[in-house]
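Student: got a predicted structure plus its sequence, pasted below:
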Amino acid sequence: MVRIVEATPLGARRLHLRFADGTEGEVDVAEVIAFEGVFRPLEQQAFFEQVYVDPAWGTVCWPGDLDLAPEPLYERLTRKPGASPAR
């Protein structure tokens with residue numbers, strides 16, 4: 001199971017992520033999702049910077065129940081489709 005343990009906003013819709021397996025690095029969230037529909041608020045940098053990690057699920061979240069699953073972020077970071085780190 002892929003779990004995010006830390007997320008730090010870096011500006012320009014980028015996050016520095018650290019995963020439970022120790023993998024870490026920068027991810028451009030705009031490469032993972034479109035900032036449309038429910039994700040439109042993420043276009044605003046002040047809103048984007050309110051990112052936090054849900055400790056129960058290991059997902060990155062924003063106010064208003066916005067969240068992103070860790071798997072596509074991990075894959076984007078490692079460039080390994082279907083990558084699944086050891087627990």
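Tutor: The structure has been received and is ready for your questions.
Student: let's see the pLDDT reported for A30.
Tutor: A30 carries a pLDDT value of 94.
Student: and it, helix, strand or coil?
Tutor: Judged by DSSP: H, G, I helix; E, B strand; the rest coil, the three-state class of A30 is helix.
Student: can you pull the contacts of it?
Tutor: Counting by CB atoms under 8 Å, 6 or more residues apart in numbering, A30 makes contact with R13. C-beta here means a position set from N, CA and C on the backbone, and glycine is covered the same way.
Student: please redo it, this time with the cut-off set to 10 Å
Tutor: Counting by CB atoms under 10 Å, 6 or more residues apart in numbering, A30 makes contact with 12-14, 39, 42-43.
Student: kindly report the same for F48.
Tutor: By CB under 10 Å, 6+ apart, the contact set of F48 is 9-15, 29, 35, 41-42, 62.
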